[in-house]
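**Q** need coordinates for the following:
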Amino acid sequence: MSRRLLLGFCAAWFAGVGALAAGESGPEEKPLSYWVDRLGHVDRQVRLAAVEAIGKRPGDAAKAVPALVDTLDDDDADVSVAAVRALGAMGPVGKPALSQAIEAMKRRDFASTQRPAWYEIGVALGAFGTEALPELVAALNHENPQVCLGATAALHEIGPQAGPAVPPLIELLERDDPTTRRGAMHAFIGIGPAAAEAVPALIDALHHDDFHMQYWSCRALAQIGPGAKAAVPTLIERLENGLPSVRRHAASALGGIGPEIGQPGIAALAAALGDRLEPVREDAAVALGRLGPAAQAAAPALRNALARRTIAARVAAARSLWRITGDAEAAVAAIADELDDPTWAIDAAEALGQMGPAARSVLPVLTELSKSETVELDLREAAAEAIEKIDPARVEAQP
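**A** Okay, here's the model as predicted:
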């Protein structure tokens, strides 16, 4: 069975189970009172289905707000999370329940759940958007570190509009608890360019003894982008001397900052194409591709990388060489070679599709794959999708 058929089967099966638990029919076929009554059902699956059904009825869901607030303290963390998410999705109607939702997060016995409930509830709180900022910022200083982590997860979900929360998040980087520090980094990743104020603290984190801090700092700087230019010298140091996971993400961070990394950054990425570990070589190649024509100086190193035996790095180098030089011939040839490898053929087809019309020369091979009965369905579908991206007119012309 192909991967896509299997996923479709699983989705259909779970949808059927959910419908049975909810009461045979869809939410639009039952009155709101029916679902509110089921919020108190003994079966968690029924309660969960009821919360989700109420969340899909924005027209009259306001009447269910009191019942959803009561559900915030449900014994089951999944039901509580669903209630927070439903209230947040109601917009102004659910706003009055924001304080209750945050208080529910504070009351939750996190130690009693196997899943990271603090994260799930925090993500759900993010649905309240900027309205939640004052209370989320206050929650960063809660005595329970799990509540603090929930707040950082919510700020991550709110994204760039959570910029006003950056200063108190920077303070979290001084905490002794490494999980709290990583929570702040996670928030910066979601906030992105609006977290540029945190760059000096993130540079300090690149020098931290805990390599996890270095790793998370790289990830945050990558999302901040050009505003993190001041971190380039330290990122180059981590790319050259860091642990493997740090080297990988230092490369990605340089690519995320963009052409502002200048020739020193480009030279460091080009040198990383010769790293002893393939994942580092691959991420360095991808980072150079993100720089586009500004990385012309790295073209010779990328051409040399096409001769490597490691497939992932070679494909990444080929694609980046095309993005930098505009010369598709070498890139297409290198990627097309992998269409014969069952392990990498799907990735190669997807990469060729991303190149669009520049990969037109490989259409005959892709067409043959899309019609072959001797290859897996997933590969046939990937080839067909690539053809559609490379030559949409050909697909439209087919009967």
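**Q** the residue lying closest to V93 once chain neighbours are set aside: how many residues sit nearby?
**A** Setting aside the residues directly before and after it, V93 is nearest to A62 in space (C-beta to C-beta, 6 or more residues apart in numbering), at 4.4 Å. Glycine gets a C-beta too; all of them are placed from N, C-alpha and C. Applying other C-beta atoms under 10 Å, we find 15 residues neighbouring A62.
**Q** list the buried residues in stretch 354-372.
**A** Of the residues in stretch 354-372, 354-355, 358-359, 362-363, 366-367, 369-370 count as buried by neighbour count, 16 or more other C-beta atoms under 10 Å.
**Q** dump the residues you listed into JSON lines; add distance to L291 as well.
**A** Putting the buried residues of stretch 354-372 into JSON lines (distance: C-beta to C-beta, whole Å) gives the following:
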{"residue": "Q354", "distance to L291": "17"}
{"residue": "M355", "distance to L291": "17"}
{"residue": "A358", "distance to L291": "18"}
{"residue": "A359", "distance to L291": "21"}
{"residue": "V362", "distance to L291": "25"}
{"residue": "L363", "distance to L291": "29"}
{"residue": "L366", "distance to L291": "28"}
{"residue": "T367", "distance to L291": "33"}
{"residue": "L369", "distance to L291": "32"}
{"residue": "S370", "distance to L291": "33"}
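**Q** contacting residues around stretch 316-330?
**A** 273, 281-283, 285-286, 288-293, 295-296, 298-299, 302-303, 305-306, 308, 331-332, 334-335, 351, 354-355, 358-359, 361 (C-beta atoms under 8 Å, 6 or more residues apart in numbering).
**Q** which ones among the residues you listed are found in helices?
**A** Counting by DSSP state H, the contacts of stretch 316-330 place 281-283, 285-286, 288-291, 299, 302-303, 305, 331-332, 334-335, 351, 354-355 in helices.
**Q** show the backbone phi and psi for the residue lying closest to N304 once chain neighbours are set aside.
**A** Leaving aside its sequence neighbours, N304 sits nearest to L273 (C-beta to C-beta, 6+ apart; 7.4 Å). Dihedral pair for L273: phi -70, psi -10, per degrees, to the nearest 10.
**Q** which SS state does the residue positioned nearest the centre of the chain fall under?
**A** Nearest to the mean C-alpha position of the chain, counting by C-alpha atoms, centre = their mean, stands G190 at 9.4 Å. Counting by DSSP: H, G, I helix; E, B strand; the rest coil, the backbone at G190 sits in helix.
**Q** give me the low-pLDDT residue ranges for the stretch 51-200 of the chain?
**A** 58-61, 108-117 (pLDDT under 70).
**Q** in stretch 32-40, which residues are buried?
**A** Neighbour counts over stretch 32-40 (16+ other C-beta under 10 Å) mark 32, 35-36, 38-39 as buried.
**Q** would you turn those into JSON lines with distance to A162 and pLDDT?
**A** Putting the buried residues of stretch 32-40 into JSON lines (distance: C-beta to C-beta, whole Å; pLDDT from 0 to 100) gives the following:
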{"residue": "L32", "distance to A162": "33", "pLDDT": "84"}
{"residue": "W35", "distance to A162": "32", "pLDDT": "90"}
{"residue": "V36", "distance to A162": "33", "pLDDT": "89"}
{"residue": "R38", "distance to A162": "35", "pLDDT": "91"}
{"residue": "L39", "distance to A162": "31", "pLDDT": "91"}
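**Q** quick revisit: which of the contacts of stretch 316-330 are buried? Put it as a PyMOL command.
**A** Per 16+ other C-beta under 10 Å, the buried members of the contacts of stretch 316-330 correspond to this PyMOL selection:
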select buried, resi 273+281+282+283+285+286+288+289+290+291+295+298+299+302+303+305+306+331+332+334+335+351+354+355+358+359
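**Q** quick one on the thing from earlier: contacting residues around the residue nearest to N304?
**A** By C-beta under 8 Å, 6+ apart, the contact list for L273 reads 281, 284-285, 288, 298, 301-302, 304-305, 313, 317.
**Q** number of nearby residues for T179?
**A** T179, neighbours per other C-beta under 10 Å, totals 13.
**Q** again, but for the one 10 residues further on
**A** Taking other C-beta under 10 Å as the neighbour definition, I189 ends up with a count of 17.
**Q** before we move on, the earlier item: and which of the contacts of L273 is nearest to P264?
**A** Using C-beta to C-beta, A298 comes nearest to P264 of those, at 12.2 Å.
**Q** how about the nearest residue to the closest one, chain neighbours excluded?
**A** Closest to A298 by C-beta to C-beta, 6+ apart is A270, at 4.1 Å.
**Q** hang on, that neighbour packs against L288?
**A** Yes. Judged on C-beta atoms under 8 Å, A270 makes contact with L288 at a distance of 7.1 Å.
**Q** what about A104, which helix or strand?
**A** helix 98-107 (DSSP states H and E).
**Q** which residues does that helix contact?
**A** With C-beta under 8 Å, 6+ apart, helix 98-107 has contacts from 69, 72-73, 80, 84, 87-88, 118, 121-122, 124-125, 128, 131-132, 135-136, 139, 142, 144, 147, 150.
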